[in-house]
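Enquirer: below is the structure, and that's it, no one-letter string:
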């Protein structure tokens, strides 16, 4: 079996088709693993050495899934920090509910990538958000906007490299949710700015894509775990 194939009786489409709610998905990675939704354990990355105490993103479907897993780890950690801080000052009930929804969406994505990766998943990353004033609305939402825009461009920047069509479908579903998040946060900051400003959409009306090197450099502002990448 090719290392990018799924060693499973349950395909990724079947996993998603089960219709998990935003809350029922949480903590279900064990169930997915039990169902056999894993990458082939024969995948060999012994010639690659991550930085001490760090992780490595290999140049294959495994590395791309771990890339998505790293991004969703960051998003979940950030939204959890926002919630643990009691939200920003004067947050409305609607804003708190929708931010909670976004956090749950990100958690569902994180657990899906983790379940698909199985024993090949990278470690739980460490984060530092000390530069952010979590009581300041503008500071919190500006960072949220950056992370959501970054996620959209990151998915777009690697999707074409995926060789397993099942994963392409999952990425297309995930990136559309990220784009909804980005649009919502942008409108909270500046009404009507959901798809305008700072060059997120090009002159052809297409969402921008960013290479992993650019995305990882931006993520490094908050991730303290060293990440080595073979992704182009």
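Expert: It's in. Please read all numbers here as calculations on a predicted model, not as lab measurements.
Enquirer: grab the most central residue of the chain for me.
Expert: The C-alpha lying nearest the average C-alpha coordinate of the chain belongs to residue 72 (Cα atoms, centre = their mean; 2.9 Å).
Enquirer: now do that one, the pLDDT please.
Expert: On the pLDDT scale, residue 72 is placed at 98.
Enquirer: what residues are up against it?
Expert: 106, 107, 109, 110, 113 (Cβ atoms under 8 Å, 6 or more residues apart in numbering). Any C-beta I mention is one placed from the backbone N, CA and C, and that applies to glycine too.
Enquirer: kindly recompute the last result at 6 Å.
Expert: Shown in contact with residue 72 (Cβ atoms under 6 Å, 6 or more residues apart in numbering): 106, 109, 110.
Enquirer: ok, now residue 159?
Expert: Contacts for residue 159 were tallied using Cβ under 6 Å, 6+ apart; they are residue 171.
Enquirer: what's the distance between whichever strand or helix holds residue 185 and the middle of its chain?
Expert: Counting by DSSP states H and E, the element that carries residue 185 is helix 165-189. Centre-to-centre, helix 165-189 and its host chain are 10 Å apart (Cα atoms, centre = their mean, to the nearest Å).
Enquirer: and the helix or strand that that helix is followed by, what does it pack onto?
Expert: Stepping forward along the backbone from helix 165-189, the first helix or strand reached (DSSP H and E) is helix 212-219. For helix 212-219, the helices and strands in contact under the criterion 3 or more Cβ pairs under 6 Å, 6 or more residues apart in numbering; DSSP states H and E are helix 137-158, strand 227-229.
Enquirer: which residues touch the last one?
Expert: What that stands for is strand 227-229. With contact meaning Cβ under 6 Å, 6+ apart, strand 227-229 is reached by 50, 51, 55, 56, 57, 212, 216.
Enquirer: among those, which one sits closest to residue 121?
Expert: Relative to residue 121, the closest of these is residue 55; by Cβ to Cβ it sits at 9.5 Å.
Enquirer: any low-confidence regions in the chain?
Expert: Flagging of the chain using pLDDT under 70 yields the residue ranges 1-49, 192, 194-201, 205.
Enquirer: run the last query once more with 80
Expert: Under the criterion of pLDDT under 80, the regions of the chain flagged as low confidence span 1-52, 192-207.
Enquirer: before we move on, the earlier item: and the gap between the spatially closest residue to the residue nearest to the centre of the chain that is not a sequence neighbour and residue 86?
Expert: Nearest residue to residue 72, sequence neighbours excluded (Cβ to Cβ, 6 or more residues apart in numbering): residue 110, at 3.8 Å. Between residue 110 and residue 86 the computed distance is 23 Å (Cβ to Cβ, to the nearest Å).
Enquirer: look up phi and psi at the residue nearest to the centre of the chain.
Expert: Dihedral angles phi and psi of residue 72 (degrees, to the nearest 10) take the values phi -70, psi -30.
Enquirer: from the contact counts, what lies against the helix holding residue 185?
Expert: Packed on helix 165-189, when contacts are counted by 3+ Cβ pairs under 6 Å, 6+ apart, are helix 93-117, helix 137-158.
Enquirer: tell me the buried residues in it?
Expert: Judged by neighbour count using 16 or more other Cβ atoms under 10 Å, the buried positions of helix 165-189 are 166-167, 170-171, 174-175, 177-179, 181-186, 188.
Enquirer: ditto for stretch 125-136
Expert: Within stretch 125-136, the residues scored as buried using 16+ other Cβ under 10 Å are 125, 127, 132, 134.
Enquirer: quick one: contacts for the second one?
Expert: Residues in contact with residue 127 (Cβ under 6 Å, 6+ apart) are 77, 222, 223.
Enquirer: for the residue in the chain sticking out farthest from the centre, which non-adjacent residue is spatially closest?
Expert: Each residue of the chain has a distance to the centre, and by Cα atoms, centre = their mean the biggest one is for residue 90: 27.9 Å. Leaving out its chain neighbours, the residue that sits closest to residue 90 by Cβ to Cβ, 6+ apart is residue 137, at 6.7 Å.
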